[in-house]
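K.L.:
Predicted model follows, preceded by the sequence.
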Amino acid sequence: MNKAELIEEVSNKIGLTKKDTGNVIDALTDTIQKTLSKEEKVTLAGFGTFQVIKRKARRGRNPQTGEELQIPAKKVPKFRAGKGLRGKVE
């Protein structure tokens, strides 16, 4: 499902126009991004948790040349599914 399909599905369920639904989804994703950029956690009960984790620096290998290289430490977003979502997927 892509963004346009998501907007259409949600729009049909709640009775808003596609434009208004798109604005709501954009606001939701923007808010999650801004919160994660502050390294804060976003928890949606029954759905899951978005958070930022820190990956340590590590050694890697270029698969084409076999040359060893250093991969720097970095922060990455992580999503952990909640119990409700896990139950729907099983």
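P.N.:
The structure has been received and is ready for your questions. Numbering: from 1, shown residues only.
K.L.:
per-residue pLDDT, Leu28?
P.N.:
On pLDDT, Leu28 comes in at 96.
K.L.:
is the residue most central in space within the chain in a bridge, and if so with what?
P.N.:
Centroid check for the chain by Cα atoms, centre = their mean gives Phe79 as the closest residue, at 5.8 Å. Taking DSSP bridges as the rule, Phe79 bridges to Phe50.
K.L.:
Does it touch Phe50 like I think?
P.N.:
Yes - Phe79 is within contact range of Phe50, at 5.4 Å (criterion: Cβ atoms under 8 Å). For glycine as for every other residue, the C-beta is placed from the backbone atoms N, C-alpha and C.
K.L.:
what does the domain assignment say about the protein?
P.N.:
Per automatic domain parsing, the structural domains of the chain span 1-38, 40-90.
K.L.:
could you give the mean pLDDT of the longest one?
P.N.:
I take that to be domain 40-90. Taken as a whole, domain 40-90 carries a mean pLDDT of 94.
K.L.:
tell me how far the ends of that domain are from each other?
P.N.:
End-to-end distance of domain 40-90: 29 Å, with Cα to Cα, to the nearest Å as the criterion.
K.L.:
before we move on, the earlier item: please give me every residue in contact with the residue nearest to the centre of the chain.
P.N.:
48-50 (Cβ atoms under 8 Å, 6 or more residues apart in numbering).
K.L.:
Distance-wise, check it relative to Lys38.
P.N.:
17 Å (Cβ to Cβ, to the nearest Å).
K.L.:
measure stretch 10-24 end to end?
P.N.:
Termini of stretch 10-24 sit 10 Å apart (Cα to Cα).
K.L.:
which residue sits farthest out from the middle of the protein?
P.N.:
Thr65 (32.9 Å).
K.L.:
Over to that one. Which of the three states is it?
P.N.:
Under the three-state scheme (DSSP: H, G, I helix; E, B strand; the rest coil), Thr65 adopts coil.
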